[in-house]
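*Asks:* Quick one: sequence and predicted model below, then my questions.
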Amino acid sequence: MAKKNNINILICGVGGQGILLASEILSEVLMKVGYDVKKSEIHGMAQRGGSVESHIRAGKKVYSPLIKKGEADFILSFESIEGLRYLEYLSPKGKLIRNTQKIIPLTVTIGNAEYPKNPEKIAKQNDIDTISINAAEIARQLGSDKVVNIILLGVLAKFLDIDKKIWDDILLNWMKAKKLSQKITKINSSAFEKGFNS
Amino acid sequence: MKKLLSGNEAVARGIYEAGVKFASAYPGTPSTEILENVVQYKKDVYCEWAPNEKVALEAVIGASMGGVRAISVMKHVGLNVAADPLFSMAYIGSNGGIVIITADEPSMHSSQNEQDNRHYARAAKIPCIEPSDSQEAKDFIIAAFEISEKFDTPVLFRMTTRICHSKSIVELGKKKEVPSKGFTKNFQKYVVLPANARKLHLKVEERLKKLEKYGYNCLLNKLEINDSKIGIITNGIAYQYAKEVFPDASILKLGLTFPIPKKLISEFAKKVKTLYVIEELEPFFEEQIKAMGIKIIGKDKLPITFEFNTNIVEENLLNRKSYREIEVKNLPPRPPALCPGCPHRAPFYTLHKLDVNVTGDIGCYTLGGLPPLSAIHTCVCMGASIGCGYGIEKAMEQNPTGKVVAVIGDSTFVHSGITELINVIYNKGISTICIMDNSITAMTGHQEHPGTGKTLMGEQTHKLDLIELVKACGVKKENLRPVNAFDLKEIMTVFKEELAKSEPSVIITQGPCIFIEPKNKKWKLFEIDSEKCKACSICLQIGCPAISKSDDNKAVIDPIFCLGCTVCVQVCPFDSIIEIKR
Ligand SMILES: Cc1ncc(C[n+]2csc(CCOP(=O)(O)OP(=O)(O)O)c2C)c(N)n1
């Protein structure tokens, strides 16, 4: 991706899935590349299991911190159906990267709403270029439910034309700052690799 | 050095660079992270959580009188609570610079209304300053202190959610040393007796005129002269959307948004053919500019409600829609919910079962009003649960329509529930009040408060004893009932007993928020024994996000979310929920 182009990425999912951290790392990476970066999210009730969305924009000069509808290059959906709420944001060439993990909302549990049976089909019907991945399963294999966000960042990273070393550096810095144990650091690094090589 | 900072982080940095010595706030979205970030500068800036916004502002007023730069931070509705001292301070003016941050919330992501607090600046006759990104958030806060001292006035610094919670790149600066001026007695200035206040009001009017002149060429108001076909007057985050939609237009971006710089605006208006005013919420500039006899396009095209974005500005002003419309029908809504393991769940399940009228308050526990618990029937503002419950009971003396319970969180009770309780006792009410004590201010992200025994800067302090406090208000010992927030049977018994009494009683449900439990806590884990489960759905009625229905209609517990609080175990009639090893 040439440096003068704008990059717009919308990350969405459910409160508690680590979306804010993922968008934080992504923004740091984009800043390191040399872009002007803006990011915006609503995190008032993020911890309470509601829908969460984070907009990340990079370019030579960025004004609005919110992505305009029709201009997102990627929607990174941390949950099976959350991305479907934002399809209007996707540009004609945009991609939906979808974690197939289902998190059933209470409205469904108590019978007030239905969980879509075939999210893939909905994306297809709307001509959305979709990549699906079961990040929860990969996380389980790696031995930590908490690295779903890092796996998904890895998947996104392989579509962005950014030197992988920058990703590795920023991830490492973040883990150092968080004082993560060696074991957890290793799981996170493998998580990113798994996503990147998926 | 350059850093990617949110508006809140940038303001915190600005507070440090401005040489502020005292900061006091009560948490509230979207302002909370400001003081949480000032803490990193605690060697230089003393900062604290106050019990409520009025207390915070009064302490800050004192600190200003005492000669240091001081700041008070609150969400928009917090300023309603602090309005009384604000209006007096507007007359008194500053000694050390004094700034009040109001974080407004267009779209009400986490609020009960979307009042536009620029109106407060106008009503109190004090300057209002608004940044449009993080860099300005930092720089303008420093300017706000200079203006406060130069013009002998408190300054209202208005941010909105999109400024507070958006990140952009900020060039950091150096800290300025501002020596304390100390306190000197000044009867005419500091004592707002009528005789003094009359003189002070005259000064306030003079001050406003000077500020308006100052706005003509101050750096806070920025003129971008481009194409003369379209001119735009805008402020805050709306500026960013205007730049996206009208890259070639001439723009007057107001940073000092009250008093508006009338001369600058008239001159600008003469330079352009069509003039738009792009401002979120109220037609605040618009009405003042129209009153100057200038023709503009504003709220006749742009909405008066909710946040703007690039699409809204484009669609309303240019009639242009530049995306493919896709509507995915019937996606299930995903509202926030009480967390798995939340101590508020069992009390609300009980209130739901008892089918009483519940006056609610503001906090995580407001989520107890959503289905399936559906156990909150009024919500007005912080502290109002007790007063509303009391009022409903008084009205019910005429026409009894069931029992009433008022529920209130621990932080909210300290914020503004205490005087409400005193009123109930004083005026012989019979209220049943439930303080839901989870030992933290949970809703806004887990802040300490006087009942937690810890300060913002991490020090131990006296822990307010809610039980002794309630007793001192006059609740009889036998009507004061602490209960385990996770014990359904105990909660039910106590509620039934207290509702039967015609005296005021206070039930305190005690159980910590899951987020303040120690990091290494060994949480229990339960699963459904599908042999024993009869698919009766009773466990689904406690509204726990960890439990859902499987394809055969039997319940399943997601081990990623379950924290083993046992509320579901207690409601299951078939003993089919069993503990397993984590
Ligand atoms: C006047 C005012 N100030 C601040 C807020 C923001 N706010 C909403 S709820 C809440 C505190 C809730 O704490 P608590 O009462 O302990 O209940 P919890 O969330 O812990 O259940 C705050 C600070 C507000 N809505 N109104």
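*Replies:* Received, thanks.

*Asks:* And the helices in chain A, which stretches?
*Replies:* For chain A, helices defined by DSSP state H occupy the ranges A:19-33, A:106-109, A:119-125, A:135-142, A:148-159, A:164-177, A:182-196.

*Asks:* Out of those helices, which is the most enclosed?
*Replies:* Most buried of the helices of chain A, by mean neighbour count (mean count of other CB atoms under 10 Å in any protein chain shown): helix A:148-159, with a mean of 24. Glycine gets a C-beta too; all of them are placed from N, C-alpha and C.

*Asks:* For it, name the packing helices and strands.
*Replies:* helix A:19-33, strand A:72-77, strand A:90-99, strand A:129-133, helix A:135-142, helix A:164-177, helix A:182-196 (3 or more CB pairs under 8 Å, 6 or more residues apart in numbering or on different chains; DSSP states H and E).

*Asks:* Of these, which is nearest chain B?
*Replies:* Closest of these to chain B is helix A:19-33, at 5.4 Å (criterion: CB to the nearest CB).

*Asks:* ok now the closest one, how far from the chain's centre?
*Replies:* When C-alpha coordinates are averaged (CA atoms, centre = their mean, to the nearest Å), helix A:19-33 and its chain have centres 10 Å apart.

*Asks:* can you check stretch B:143-160 too?
*Replies:* Worked out by CA atoms, centre = their mean, stretch B:143-160 lies 21 Å from the chain centre.

*Asks:* likewise stretch B:184-194?
*Replies:* Distance, stretch centre to chain centre, for stretch B:184-194: 33 Å (CA atoms, centre = their mean).

*Asks:* now do stretch B:357-373
*Replies:* A distance of 18 Å separates the centroid of the chain from that of stretch B:357-373, by CA atoms, centre = their mean.

*Asks:* end to end, how far does it reach?
*Replies:* For stretch B:357-373, the separation between the terminal residues is 13 Å (CA to CA, to the nearest Å).

*Asks:* before we move on, the earlier item: now the helices of chain A in CSV, please, with extra columns for mean pLDDT and distance to the ligand.
*Replies:* What follows is these, written out as CSV (pLDDT from 0 to 100; distance: least, CB to the nearest ligand atom, whole Å):
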stretch, mean pLDDT, distance to the ligand
helix A:19-33, 96, 20
helix A:106-109, 95, 18
helix A:119-125, 96, 33
helix A:135-142, 96, 29
helix A:148-159, 98, 26
helix A:164-177, 96, 29
helix A:182-196, 97, 30
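
*Asks:* Redo these as a markdown table? Include distance to B:Q510.
*Replies:* Shown next, in a markdown table, are the helices of chain A (distance: least, CB to CB, whole Å):
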| stretch | distance to B:Q510 |
| --- | --- |
| helix A:19-33 | 31 |
| helix A:106-109 | 25 |
| helix A:119-125 | 42 |
| helix A:135-142 | 35 |
| helix A:148-159 | 34 |
| helix A:164-177 | 36 |
| helix A:182-196 | 34 |
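
*Asks:* Among these, which comes closest to A:Y86?
*Replies:* Nearest to A:Y86, of all those, is helix A:119-125, at 11.6 Å by CB to CB.

*Asks:* chain center to that closest one: distance?
*Replies:* The chain centroid and the centroid of helix A:119-125 are separated by 19 Å, computed with CA atoms, centre = their mean.

*Asks:* Does chain B have contacts with it?
*Replies:* Yes. Using CB under 8 Å from any CB of the partner chain, helix A:119-125 reaches chain B at A:I122.

*Asks:* was I right about B:K175 contacting B:Y16?
*Replies:* Yes. If you go by CB atoms under 8 Å, B:K175 and B:Y16 touch, sitting 6.0 Å apart.

*Asks:* can you list the residues of the stretch 101-250 of chain B near the ligand?
*Replies:* Contacts of the stretch 101-250 of chain B with the ligand, taken as CB under 6 Å from any ligand atom, are absent.

*Asks:* Please work out which residue of the stretch 101-250 of chain B is closest to chain A.
*Replies:* B:S110 (2.9 Å).

*Asks:* can you tell me the helix or strand for that residue?
*Replies:* When elements are assigned from DSSP states H and E, B:S110 belongs to no helix and no strand.

*Asks:* follow-up on the earlier one: would you mind putting the helices and strands packed on helix A:148-159 into a markdown table with distance to B:G543 alongside?
*Replies:* Shown next, in a markdown table, are the helices and strands packed on helix A:148-159 (distance: least, CB to CB, whole Å):
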| stretch | distance to B:G543 |
| --- | --- |
| helix A:19-33 | 23 |
| strand A:72-77 | 25 |
| strand A:90-99 | 25 |
| strand A:129-133 | 30 |
| helix A:135-142 | 23 |
| helix A:164-177 | 35 |
| helix A:182-196 | 32 |
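
*Asks:* can I assume B:E315 is in contact with B:Y323?
*Replies:* No. Here B:E315 does not reach B:Y323: they are 10.1 Å apart, not a contact under CB under 8 Å.

*Asks:* How about the residues of the stretch 351-500 of chain B by chain A?
*Replies:* Near chain A, when you scan the stretch 351-500 of chain B using CB under 8 Å from any CB, you find B:364, B:367, B:370-372, B:443, B:445.

*Asks:* Please tell me the pLDDT value assigned to the nearest residue to B:P283 once chain neighbours are set aside.
*Replies:* Spatial nearest neighbour of B:P283, excluding adjacent residues (CB to CB, 6 or more residues apart in numbering or on different chains): B:K299 at 4.5 Å. Listed pLDDT for B:K299 reads 98.

*Asks:* what about B:K299, distance to B:E287?
*Replies:* 9 Å (CB to CB, to the nearest Å).
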